[in-house]
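Asker: Below are the sequence and a predicted model for it; my questions follow.
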Amino acid sequence: MKNMIKKELLLMVRASKWILLLWCIFQVFAPILFLKEAASIIVDQSLLNHLFVGMIVFYPLMTIPIVSVLVFTGGVNEERKQGIIMVLLANGVSQTQIWRSKLANAFIVAELVSLMAEGVTLLSLRVINSFWLVFRAKELFFLLAFVPFVAVVISGILCFILWGFQHGQLFATMVPYLLFFGCCFMSLFKYDIINELSGLACAVIIAVGIILLVILDRLIGLFHNEYIVNLGRM
Amino acid sequence: MLKAINISKKYKNNKEALSKVSFELHANEIVAIVGPNGAGKSTLLRIAAGINSSSEGGVVREEGIRLGAVFDGNGLYSQLTAYENLSFFYRLNKNNLLEKEVEKIDGLLMNMELSEVKNQKVKEFSKGMARKLAIARALLTNPDILLMDEPFDGLDIASHAFLVSFLRNWVKEKKHAVIFTSHNMSDVELLCDRVLMLKKGQLLNNLSMFDLNNKVTSQYKITVEENVGDWRLLLGNQTYFNQVGEKTIILENGLKDANQILEILVNRKLTICEFMPVYKSMEDIYLSEVGGAE
């Protein structure tokens, strides 16, 4: 498994380093512009901090699933085209192992891109607006653990669809956008999700997420090898 | 080494890809699966490799027999170097391998004449080099049987000649065997001991090259030392033959007339230099057995 993830990361770096760099730049570009404008309009520093922290914390909810889906799709399509999945299966690697390694790779890359983008955003706020964001413990927990975990679960579901269903790509690409713009982004301004979500609710969400990931992991094993091998050719 | 017993494969749309196909693969044997597109060649190979499942029947391997497979597309990571590709697959199988990674990989690359390009990315490889590397990867696990889907497809003359000689030597070396699919009958003729002919999922023939030739051979050539002149005067109009010069005839009815003609020649005290079947080319055999385009 370690070998598989290492290979995935190496391939990712070799094949897509410039795209990932561009993605980072693009990701930083949007929030900086927004925050710069917001900082000049909102004078109240505490409100500004609250708004910015909320944005930064929930930002990975969009970026991680989007980047994961792209990374996962790229990897799977390439391997199907080159007949690598068939060779891996013939070498005793299970579909579950392939899926896990690709999901892990997709998440690692997406999380790194997301963290880099956030880091640069924070630095640019400091440089441009002379403004340091202050994070409370719960906000840090959301930023570094809870939100990325929820993003992994969402990515897992999307990558499962991409792995096993022929026309999953459209659906899987659409969901992160809808999710972010339709739900989270709006709720962020209406409700104070970070404060309103209790520890117990977080624990329940994490437990449900883990159960979901385990179910998906087991479901992958139910696909016939030949169905998966031929999926790209159907 | 490997026995396929009554393999049938039906798809969900009830299309039958294979119908009760049985064959055996023995040690030191190279077997080709030939047939038109859609005959079920690749499906049969994938079932033998354990990737596809059969609807009926199955494949039995002798204990301890290992398989290596090369499918279409080569199954290589284009962004990795030749060494990195092999290293990745070595590590997947390292529990079953005794040799050290560097030794094993360097040895394989040397055998495949790829040592000089071991640190080159596969995307920069020619088709022939990529195919050699794919075979090296298949050989990493020390397989006894190599399964290959169209291994010579699109190769240049040098790579083709290298692979043919490599596979021959590999099969001879130990108790190895190769089974491959092909559309190119000259490859089959050059390399194979036995041919499986498939058409619409049915196994038409499972014969050694010798038996296959004999089965479809209906012509025999007789050459004598003396000038006979007009053979019709000697043999009469009852026998079907074509005269090729004054010393040679080709019998069209196989062995049917041969005894009678040989008797006449012996009685006339003519010296028979040659009496042999006229083998058809593999392409002609294929066309006569499988037929032309569907």
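Answerer: Received, thanks.

Asker: Get me the contact residues on chain A for chain B.
Answerer: Where chain A comes near chain B, counting by CB under 8 Å from any CB of the partner chain, the residues are A:3, A:7, A:10-11, A:14-15, A:78, A:81-84, A:86-93, A:224-226, A:229. The C-beta positions use only the backbone N, C-alpha and C, and glycine is treated the same way.

Asker: Out of these, which sit inside helices?
Answerer: If you go by DSSP state H, these have A:3, A:7, A:10-11, A:14-15, A:78, A:81-82, A:84, A:86-90, A:225-226, A:229 in helices.

Asker: Now which of the residues you listed would you call buried?
Answerer: The neighbour-count criterion (16 or more other CB atoms under 10 Å in any protein chain shown) marks A:3, A:7, A:10-11, A:14-15, A:78, A:82, A:84, A:86-90, A:225-226, A:229 among these as buried.

Asker: give the contact list for the spatially closest residue to residue B:35 that is not a sequence neighbour.
Answerer: In space, and not counting its chain neighbours, residue B:35 is closest to residue B:198: 3.6 Å by CB to CB, 6 or more residues apart in numbering or on different chains. With contact taken as CB atoms under 8 Å, 6 or more residues apart in numbering or on different chains, residue B:198 is in contact with B:18, B:21, B:33-35, B:39-41, B:44, B:204.

Asker: I'd like those residues as a markdown table, with distance to residue B:123 and pLDDT appended.
Answerer: Output for the contacts of residue B:198, formatted as a markdown table (distance: CB to CB, whole Å; pLDDT from 0 to 100):
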| residue | distance to residue B:123 | pLDDT |
| --- | --- | --- |
| B:18 | 35 | 87 |
| B:21 | 37 | 87 |
| B:33 | 30 | 91 |
| B:34 | 32 | 87 |
| B:35 | 33 | 85 |
| B:39 | 33 | 83 |
| B:40 | 32 | 86 |
| B:41 | 28 | 87 |
| B:44 | 31 | 89 |
| B:204 | 40 | 82 |
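
Asker: biggest separation within these, which pair?
Answerer: B:18 and B:34 (14.7 Å; CB to CB).

Asker: Give me the subset of the contacts of residue B:198 lying in helices.
Answerer: B:41, B:44.

Asker: which of the contacts of residue B:198 has the most neighbours?
Answerer: residue B:44 (29 neighbours; other CB atoms under 10 Å in any protein chain shown).

Asker: Check the gap between it and residue B:118 for me.
Answerer: Note on residue B:44: its distance to residue B:118, by CB to CB, to the nearest Å, is 34 Å.

Asker: Check chain B for its longest helix and report it.
Answerer: Secondary structure of chain B per DSSP H: the longest helix is helix B:157-173.

Asker: Now do the buried residues in that one.
Answerer: Under the neighbour-count criterion of 16+ other CB under 10 Å, helix B:157-173 has B:159-160, B:162-164, B:166-167, B:170-171 buried.

Asker: what's the span of stretch A:133-142 from first residue to last?
Answerer: Start and end residues of stretch A:133-142 are separated by 15 Å (CA to CA, to the nearest Å).

Asker: Show me what the mean pLDDT comes to for that stretch.
Answerer: Mean per-residue pLDDT for stretch A:133-142: 86.

Asker: can you give me the offset of it from its chain's centre?
Answerer: Here the centre of stretch A:133-142 is set off from its chain's centre by 19 Å, with CA atoms, centre = their mean, to the nearest Å.

Asker: Check which residues of that stretch are buried.
Answerer: Neighbour count says stretch A:133-142 has A:133, A:135, A:139, A:141-142 buried, by 16+ other CB under 10 Å.

Asker: so where is chain A shaky, pLDDT-wise?
Answerer: For chain A, the stretches flagged by pLDDT under 70 are A:27, A:30-32, A:35-36, A:180-191, A:232-234.

Asker: Would you map the helices across it?
Answerer: Using DSSP H, helices in chain A cover A:2-41, A:45-82, A:84-90, A:95-129, A:137-141, A:147-164, A:168-177, A:185-190, A:193-196, A:199-220, A:225-231.

Asker: for the fourth one, packing partners?
Answerer: Packing partners of helix A:95-129 (3 or more CB pairs under 8 Å, 6 or more residues apart in numbering or on different chains; DSSP states H and E): helix A:2-41, helix A:45-82, helix A:84-90, helix A:147-164, helix A:199-220.

Asker: Contacts only, for residue A:97.
Answerer: For residue A:97, the contact set (CB under 8 Å, 6+ apart) comprises A:1, A:4.

Asker: whoops, I mixed them up, residue B:58
Answerer: If you count contacts by CB under 8 Å, 6+ apart, residue B:58 has them with B:4-5, B:7.

Asker: now the residue minimising distance to the centre of chain A, nearest residue through space, not along the chain?
Answerer: Residue closest to the mean C-alpha point of chain A, counted by CA atoms, centre = their mean, is residue A:64 at 1.5 Å. In space, and not counting its chain neighbours, residue A:64 is closest to residue A:151: 3.5 Å by CB to CB, 6+ apart.

Asker: Tell me where the model's unsure across the stretch 151-294 of chain B.
Answerer: B:214-218, B:238, B:292-294.

Asker: Just the strands from it, written as ranges.
Answerer: Using DSSP state E, counting those that start in this stretch, the strands of the stretch 151-294 of chain B run over B:177-182, B:194-199, B:202-208, B:220-224, B:241-244, B:248-251, B:272-277.

Asker: check whether the first one contacts chain A.
Answerer: Yep, that's strand B:177-182 we're talking about. No: judged by CB under 8 Å from any CB, strand B:177-182 and chain A are separated, with a smallest distance of 13.9 Å.

Asker: what does the stretch 51-200 of chain B have sitting close to chain A?
Answerer: Applying CB under 8 Å from any CB, one finds that the stretch 51-200 of chain B approaches chain A through B:51-53, B:67, B:69, B:71-80, B:84, B:88-89, B:91-93, B:121, B:137, B:141.

Asker: Go ahead and build a ChimeraX selection from the buried members of those residues.
Answerer: A single ChimeraX command selects the buried members of those (16+ other CB under 10 Å):
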select /B:51,52,67,69,71,72,73,74,75,76,77,78,79,80,84,88,89,91,92,121,137,141
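
Asker: Narrow the residues of the stretch 51-200 of chain B next to chain A to those in strands?
Answerer: Per DSSP state E, strands hold the following members of those: B:67, B:69.

Asker: Return the distance of residue B:122 relative to residue A:2.
Answerer: Residue B:122 sits 23 Å away from residue A:2, going by CB to CB.

Asker: who has more neighbours, these two?
Answerer: A count of neighbours by other CB under 10 Å puts residue B:122 above the other of residue B:122 and residue A:2, at 21 against 9.

Asker: got a list of what that one touches?
Answerer: Taking CB under 8 Å, 6+ apart as the test, what residue B:122 contacts is B:76-82, B:85, B:130, B:133.

Asker: And these, which is closest to residue A:45?
Answerer: Within the contacts of residue B:122, the smallest distance to residue A:45 is 47.9 Å, found for residue B:79 (CB to CB).

Asker: how about that closest one, phi and psi?
Answerer: The phi/psi pair for residue B:79 (degrees, to the nearest 10) reads phi -90, psi -10.

Asker: Could you find the closest non-adjacent residue to it?
Answerer: In space, residue B:79 is closest to residue A:14, 4.1 Å off (CB to CB, 6+ apart).

Asker: What separation do you get for the residue nearest the centre of chain B and residue B:181?
Answerer: Most central in chain B under CA atoms, centre = their mean is residue B:32, positioned 2.9 Å from the mean C-alpha point. Using CB to CB, residue B:32 is found at 7 Å from residue B:181.
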